[in-house]
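>>> For reference, the sequence and a predicted model appear below.
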Amino acid sequence: MSRKAGDNVEYTLRSLSNLMGEKRRRQAEGAAGSGAAAAGERSLIAAESCSSLNSAASGAELERAARRQFQRDETPGFVYVVSVFSALGGFLFGYDTGVVSGALLLLKRELNLDALWQELLVSGTVGAAALSALAGGVLNGLCGRRPCILLASGLFTAGAGVLAAARDKETLLGGRVVVGLGIGVASMTVPVYIAEVAPPHLRGRLVTINTLFITGGQFFASVVDGLFSYLVKDGWRYMLGLSAVPAVIQFFGFLFLPESPRWLIQKGQTQRARRILSQMRGNQAIDEEYDSIKNNIEEEEKEVGAAGPVICRMLTYPPTRRALIVGCGLQMFQQLSGINTVMYYSATILQMSGVEDDRLAIWLAALTAFINFIFTLVGVWLVERMGRRKLTLGSLAGTAVALIILASGFLLSAQVSPRVTLNPPDPSHQNSTCTKYSYCNGCMLDPDCGLCYKLNKSSVVESSCIPVDKHSTMKAAWGRCSNETIFKKEDLFWAYNFCPTPYSWTALLGLILYLVFFAPGMGPMPWTVNSEIYPLWARSTGNACSSGVNWVFNVLVSLTFLHTAEYLTYYGAFFLYAGFAGLGLLFIYGCLPETKGKKLEEIESLFESRLCTCGMSDSDEGRYIEYIRVKGSNYHLSDNDASDVE
Ligand SMILES: O[C@H]1[C@H](O)[C@@H](O)[C@H](O)[C@@H](O)[C@H]1O
């Protein structure tokens, strides 16, 4: 029976539980073509025993046709369009958090910003993001995902406008807070929205694309920073204002894009939900998915009840409580492994490795952002092959090793730190702290001081620790290194925030390895996993809490880095992050279950056992399950009961 001839028979064959990984699936598919592999044989036997199809031949033909349909990717392009438009929220998140470092370089000169104002402009955004991510949970639940994405793009546009036109630092701070509010709402809504519209076998990949857009935004911001750094007057206006372009595109795009069908079903708007779901699934039957969402909502209401604030219901119901701990823990360990300090200090690490030119350091920092972006792409590729759990574990283990290498680079550099050999008298008689350091290492950790030195072959000579100029960290406040044009001609060097050492390549190696390991797993998985582990009634609140945790730890880690480095030195700080990464490994090993290929409605069951054993609920791994829909009924083919098909 060919597909054409079989109009009265509706059949779609698709993998709903691709629990075995893409590789084995492909093997099975390949084998199905030749009729040799076990999966193919199983299905063939099943199809042959299909009594309603009269003959063995027609059964086999049905099987082959269904398999052909399965092999074609049935997901309509619409799902990709919707995902990419929402991931623009991720791009804006990355762009607006990344662009500020370059903008500050110009702003601090033009508006005479002191350290406090610089810090306010950076952390004002992150702090606002933390608050709005938390508030975004309520908004998401009440108004839906689409209005929240529209709100976020509106805030991004307004913020970009205010920033580009700002005349004073107070207005700048206002603009940065507005942008931060947009980032918070986008960071918690976009992954949820994508997860809710994506088919199960593509969900991980599509949600991970959002993090790809975050790192893409960070990379793009670093390139824009590099380009506009040549435009000394008003360059920052372009840097900060440019984000209005993707924000406007997203806003208008979303006016034409639909609401999440899952949210609509929850709100009783079932007709609209069905229409959108069939738009998202193309010619695949949606009955099963629709029924499963609907039944799930009804069951959830019966089980958990609908009274009381969602967060209280989540905390008193063990599976959601465990999911919340896993989700928040993942976000916390993502930040505690120090991604943002590594990114933020990449220029310093590069300078330590011998890059002395500031502009070159900016471009090399763009290269760092590029590595982060490219390796997130590797994550998009791996997530449906390896699964979330293995990818996260492998990534964090590699990150921990890279942190140890990075810290060792700083440690070795500190051990051979050049001695301070000259102590010229301070002409201003201000008794600065810089005179008390006898090694470069102490001098570089003090934000008020820098090292002025000469090089004899490759060894440091005639070095002195001098206060840094208040307006530019590129020169000393007084003495031999106080006039850039003169001291460069005299073969003098000025090192602020780093020490010239022969071991800096170790730190550089650590930096590259860090990004190579972090970006595919620990970067995207906390967002991806959070978008899928909560049942529908708890999804907005769960994501709001975990995104809030991400932002709070982001602020904590970035704000404390300099102090941590002062007390523990740079290597101490990176060893500390390696320790956190080690703790994270234990946590993830024990608590993170595999969610790959599962329907969102099935995932709650993974959190039914005790928290520290949730990581073991990966029991389906290695089994190969396919669902066949024949005449509107579902037949489950498994290793044990292939004859279920009638
Ligand atoms: O997942 C993202 C990504 O890894 C970014 O590079 C980082 O800056 C963010 O803090 C993180 O949440």
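Looks like it came in fine. Numbering: from 1, shown residues only.

>>> Distance of the residue in the stretch 451-600 of the chain that the ligand sits nearest to relative to residue 372?
In the stretch 451-600 of the chain, the residue that lies nearest the ligand is residue 523 (3.2 Å; C-beta to the nearest ligand atom). Where you see a C-beta, it was placed from the backbone N, CA and C, and this is true even at glycine. Per C-beta to C-beta, to the nearest Å, residue 523 is found 7 Å from residue 372.

>>> okay, and the common contacts of those two?
Jointly contacting residue 523 and residue 372 under the rule C-beta atoms under 8 Å, 6 or more residues apart in numbering are residue 215.

>>> In the stretch 251-400 of the chain, mark out all the helices, start to finish.
Per DSSP state H, counting those that start in this stretch, the stretch 251-400 of the chain carries helices over the ranges 261-266, 270-281, 287-304, 310-316, 318-336, 339-344, 346-352, 358-386, 388-415.

>>> packing partners for the helix or strand hosting residue 131?
Residue 131 is part of helix 115-143, with elements assigned from DSSP states H and E. Judged by 3 or more C-beta pairs under 8 Å, 6 or more residues apart in numbering; DSSP states H and E, the packing partners of helix 115-143 are helix 77-98, helix 100-110, helix 145-165, helix 169-197, helix 536-591.

>>> Check which helices and strands the third one sits against.
For helix 145-165, the packing partners by 3+ C-beta pairs under 8 Å, 6+ apart come out as helix 77-98, helix 115-143, helix 169-197, helix 235-241, helix 244-255.

>>> Could you list the buried residues of the fourth one?
By 16 or more other C-beta atoms under 10 Å, the buried positions in helix 235-241 come out as 235, 236, 237, 239, 240, 241.

>>> Can you classify residue 465 by secondary structure?
Under DSSP: H, G, I helix; E, B strand; the rest coil, residue 465 falls in the strand class.

>>> Beta-bridge partners for it, please?
When assigned by DSSP bridges, residue 465 has beta-bridge partners residue 451.

>>> Doesn't residue 471 belong to a strand?
No. Going by three-state DSSP, the assignment for residue 471 is coil, not a strand.

>>> Not counting sequence-adjacent ones, nearest residue to it?
Leaving aside its chain neighbours, residue 471 sits nearest to residue 109 (7.2 Å; criterion: C-beta to C-beta, 6 or more residues apart in numbering).

>>> contacting residues for the one you found?
So residue 109 contacts 232, 471, 472 (C-beta under 8 Å, 6+ apart).

>>> Quick one: the residues you listed as a markdown table, columns for pLDDT, distance to the ligand and neighbour count too.
Putting those into a markdown table (pLDDT from 0 to 100; distance: C-beta to the nearest ligand atom, whole Å; neighbours: other C-beta atoms under 10 Å) gives the following:
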| residue | pLDDT | distance to the ligand | neighbour count |
| --- | --- | --- | --- |
| 232 | 77 | 28 | 12 |
| 471 | 77 | 29 | 11 |
| 472 | 77 | 27 | 13 |
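
>>> And these, which is closest to residue 143?
Nearest to residue 143 among the contacts of residue 109 is residue 232, at 44.0 Å by C-beta to C-beta.

>>> quick check, the closest one in a strand?
No. Residue 232 is assigned coil when assessed by three-state DSSP, not a strand.

>>> how much space between it and residue 122?
From residue 232 to residue 122 the distance is 21 Å (C-beta to C-beta).

>>> weakest of the helices and strands packed on helix 115-143 by average pLDDT?
Among the helices and strands packed on helix 115-143, helix 100-110 has the lowest mean pLDDT, at a mean of 83.

>>> for residue 400, what are its contacts?
337, 578, 581, 582, 585.

>>> Close to the ligand: what parts of this protein are there?
Within the chain, the positions near the ligand by C-beta under 6 Å from any ligand atom are 211, 214-215, 218, 334, 339-340, 343, 372, 523-524, 550, 554.

>>> can you pick the most crowded of the residues you listed?
residue 524 (32 neighbours; other C-beta atoms under 10 Å).

>>> pretty sure it contacts residue 383?
Yes. Counting by C-beta atoms under 8 Å, residue 524 touches residue 383, with 7.4 Å between them.

>>> Determine the residues that are contacts of both of the two.
With C-beta under 8 Å, 6+ apart applied, the overlap between the contact sets of residue 524 and residue 383 consists of residue 208.

>>> just to revisit the earlier point, go through the helices and strands packed on helix 145-165 and name the closest to residue 377.
Using C-beta to C-beta and comparing the helices and strands packed on helix 145-165, the one that lies nearest residue 377 is helix 77-98, at 13.1 Å.

>>> Packing partners of the closest one?
helix 115-143, helix 145-165, helix 169-197, helix 200-228, helix 244-255, helix 270-281.

>>> out of those helices, nearest to residue 533?
Closest among those, using C-beta to C-beta: helix 169-197, at 9.8 Å.

>>> re earlier: next, the angle helix 536-591 makes with the helix holding residue 131.
Going by axes from the mean of the first three to the mean of the last three C-alpha atoms, to 10 degrees, helix 115-143 is angled at 120 degrees with respect to helix 536-591.

>>> before we move on, what SS does residue 494 have?
Here residue 494 is strand, with the state taken from three-state DSSP.

>>> neighbours around it, how many?
Number of residues near residue 494 (other C-beta under 10 Å) recorded here: 22.

>>> Show me the beta-bridge partners of it.
Counting by DSSP bridges, residue 494 is bridged to residue 452.

>>> I figured it was touching residue 482, is that so?
No. In this structure residue 494 lies outside contact range of residue 482 using C-beta under 8 Å: 9.1 Å.

>>> Measure how buried the residue lying closest to residue 375 once chain neighbours are set aside is and give me the count.
What sits nearest to residue 375 in space, not counting adjacent residues and going by C-beta to C-beta, 6+ apart, is residue 519, at 3.4 Å. Residues lying near residue 519 (other C-beta under 10 Å) number 25.

>>> Tell me the confidence at residue 519?
Reported pLDDT for residue 519: 97.

>>> Over to residue 281?
86.

>>> Could you do the one 4 residues further on as well?
As summarised for this prediction, residue 285 has a pLDDT of 77.

>>> Now do it against the ligand, distance only.
To the ligand, residue 285 is 36 Å away according to C-beta to the nearest ligand atom, to the nearest Å.
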